[in-house]
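# Pasting the sequence and the predicted model now:
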Amino acid sequence: MRDIPVRQMVMSSGFRPWLITGHAEVRAALADQRFAKDSHRVAEMLDRHSLAGTDSLFGQSLLHHMLNTDPPEHGRLRGLVNKAFTPRAVERLRPRIEEICDELLDALGGRQHVDLLAVFAVPLPIKVICELLGVPQEDREEFRSWSNALVSALPREVVTEASNAMADYLHGLIKAKEQDPGEDMLSALVHARDGGDRLTADELVSMACLLLAAGHETTVNLIGNGVLALLTHPDQLASLRDDPTRLPGAIEEFLRYDSPINQATLRFTTEPVEIAGVRIPEGEFVMLNIDSANHDARRYADPDVLDIGRDEGGHLAFGHGIHYCLGAPLARLEAEIAFTKLLGRYGRIDLAVPAEQLEWRFSVVMRGLERLPVRLSRT
Ligand code: HEM
């Protein structure tokens, strides 16, 4: 498919989106403002062609967030939370993230057979992002189910219901923070809104939803897909255990090899654009395939081989350009701590079922497992 890096598809509904799959081309499109978000037109298009689940956060009430906006709106929204997500700010969370990982692993006691997603990869990022935003402990399970619905390919009504429930809940939580602010990010955003009139109530709720949903679903997949990659490549696992300083490189390779957001990052052309010698007219719907770009043989030697010692860099798992993932430093830190704790505690980890029997979640946006059954052993 990557032999033709830009092409137009024809779907059974008659919908004719463009698909970009080459690394250079996806990267160029992500940096090019003529490939805009234009969220209203994209939402309308998804609705018309019943592509539920194609983009995670298009519920009507949750439309006004940075990932769905173009400049200058985008810069204003991103600027409000940028500071909290710099590598330096995120580094301050290290001790708390370590504590959460320890608690989750302690809770396993001597259990040997576990679903590593359910007991570790899923609760870790939820706890971190909920604490950061100030979502009370007792509400977190509910969050998980709403956010699951938002990124899955469930019927449109289910997605809308989940997004409405999440929005209602957040409106309530924001009211509570107005009266009784805490040290958390939601309280700070409420303050920013009240201080400079820079954020409407809808924008605030959308921002919180984006951070909550983008902040955990993806990181779950980074940990889950990364563990699976190691367990199915024992030589790479041994090399990492031999020299733990290889971990940061290994995490970049997990991101490239099995990207948590793999397929559709969506854009809309605001004027005709020529890319790889192909002319895409104005007003066209364009899907940028990150996973395909990360496996482009023109960019990576042996792209389908997992090699934690690779030094080619430049994967697009966190996107590129103005929408480059705000949470990348946090995701990297969580993954670094998660792998360190897991491999440090268990001298042996094996898949409990053959890899071919593992089920992948049905989503057009995310690439992640349903379950990851493993056998853990301390020796
Ligand atoms: C944007 C991937 C974790 C918050 C993005 C984009 C990608 C991405 C590909 C760009 C989408 C586009 O251009 O259309 C990932 C992956 C993650 C991860 C693979 C984990 C491994 C996180 C975390 C947070 C987060 C932990 C927040 C706590 C965001 C936000 C944006 C974004 C707010 C929108 C930025 C903007 O529009 O300016 N992410 N993400 N992400 N991500 Fe992440």
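Looks like it came in fine.

# residues from the protein in reach of the ligand?
By CB under 6 Å from any ligand atom, the residues of the chain that approach the ligand are 30, 66-67, 78, 129, 210-211, 214-215, 218-219, 222, 260-261, 265, 317-319, 323, 325-327, 330-331. (Glycine included, C-beta is placed from N, CA and C.)

# List the ones among those residues that fall in strands.
Counted as lying in strands by DSSP state E, out of these, are residue 265.

# May I ask which helix or strand of this protein has the lowest mean pLDDT?
Every helix and strand of the chain was ranked by mean pLDDT, DSSP states H and E. The lowest is helix 39-48, at a mean of 69.

# what are the ranges of the strands in the stretch 251-379 of the chain?
Using DSSP state E, counting those that start in this stretch, the strands of the stretch 251-379 of the chain run over residues 264-269, 273-275, 278-280, 285-289, 348-351, 373-377.

# May I see the ones you listed organised as JSON lines, with distance to residue 74, mean neighbour count and mean pLDDT added?
Listed next are these as JSON lines, based on distance: least, CB to CB, whole Å; neighbours: other CB atoms under 10 Å; pLDDT from 0 to 100:
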{"stretch": "strand 264-269", "distance to residue 74": "13", "mean neighbour count": "22", "mean pLDDT": "85"}
{"stretch": "strand 273-275", "distance to residue 74": "19", "mean neighbour count": "17", "mean pLDDT": "96"}
{"stretch": "strand 278-280", "distance to residue 74": "22", "mean neighbour count": "15", "mean pLDDT": "97"}
{"stretch": "strand 285-289", "distance to residue 74": "17", "mean neighbour count": "22", "mean pLDDT": "93"}
{"stretch": "strand 348-351", "distance to residue 74": "41", "mean neighbour count": "14", "mean pLDDT": "98"}
{"stretch": "strand 373-377", "distance to residue 74": "41", "mean neighbour count": "17", "mean pLDDT": "98"}
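
# Same list, the ones you listed, but as TSV with distance to residue 174 please.
Output for the strands of the stretch 251-379 of the chain, formatted as TSV (distance: least, CB to CB, whole Å):
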stretch	distance to residue 174
strand 264-269	28
strand 273-275	39
strand 278-280	40
strand 285-289	33
strand 348-351	41
strand 373-377	39
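
# Report the contact partners of residue 224.
116-117, 121, 368-369, 372 (CB atoms under 8 Å, 6 or more residues apart in numbering).

# Now with 6 Å, please.
117, 121, 368-369, 372 (CB atoms under 6 Å, 6 or more residues apart in numbering).

# Cross-check the contact I'm expecting between residue 278 and residue 6.
Yes: contact criterion CB atoms under 6 Å: residue 278 and residue 6 qualify, at 4.4 Å.

# For the ligand, give me its nearest residue in the stretch 251-379 of the chain.
Per CB to the nearest ligand atom, residue 327 is where the stretch 251-379 of the chain lies closest to the ligand, at 2.0 Å.

# what's that residue in contact with, if anything?
Going by CB under 6 Å, 6+ apart, residue 327 touches residue 215.

# what does residue 130 give?
residue 140.

# Now with 10 Å, please.
136-137, 139-140, 143-144, 184, 212, 215-216 (CB atoms under 10 Å, 6 or more residues apart in numbering).

# And for residue 183?
If you count contacts by CB under 10 Å, 6+ apart, then residue 183 has residue 134 around it.

# one step back: residue 171: which of the strands of the stretch 251-379 of the chain is closest?
Residue 171 lies closest, by CB to CB, to one member of those: strand 264-269, at 27.0 Å.

# Leaving out the residues flanking it, which one is nearest to residue 18?
Counting by CB to CB, 6 or more residues apart in numbering, residue 18 lies nearest to residue 286, which is 4.5 Å off, once chain neighbours are set aside.

# give the contact list for that neighbour.
Contacts for residue 286 (CB under 10 Å, 6+ apart) come out as 6, 8, 17-20, 29, 35-36, 42, 264-269, 273, 275, 280.

# for residue 107, same thing?
Taking CB under 10 Å, 6+ apart, we find residue 107 in contact with 119-120, 123.

# can you pull the contacts of residue 83?
89, 188.

# Checking it next. Helix, strand or coil?
helix (DSSP: H, G, I helix; E, B strand; the rest coil).

# Which pLDDT value goes with it?
Confidence at residue 83, expressed as pLDDT, is 84.

# Quick check: the gap between residue 99 and the ligand.
Using CB to the nearest ligand atom, to the nearest Å, one gets 18 Å for the distance from residue 99 to the ligand.

# For that residue, what is the enclosing helix or strand?
For residue 99, the host element (DSSP states H and E) is helix 94-106.

# is it true that residue 187 touches residue 204?
No: taking contacts as CB atoms under 10 Å, residue 187 lies outside contact range of residue 204: 11.2 Å.
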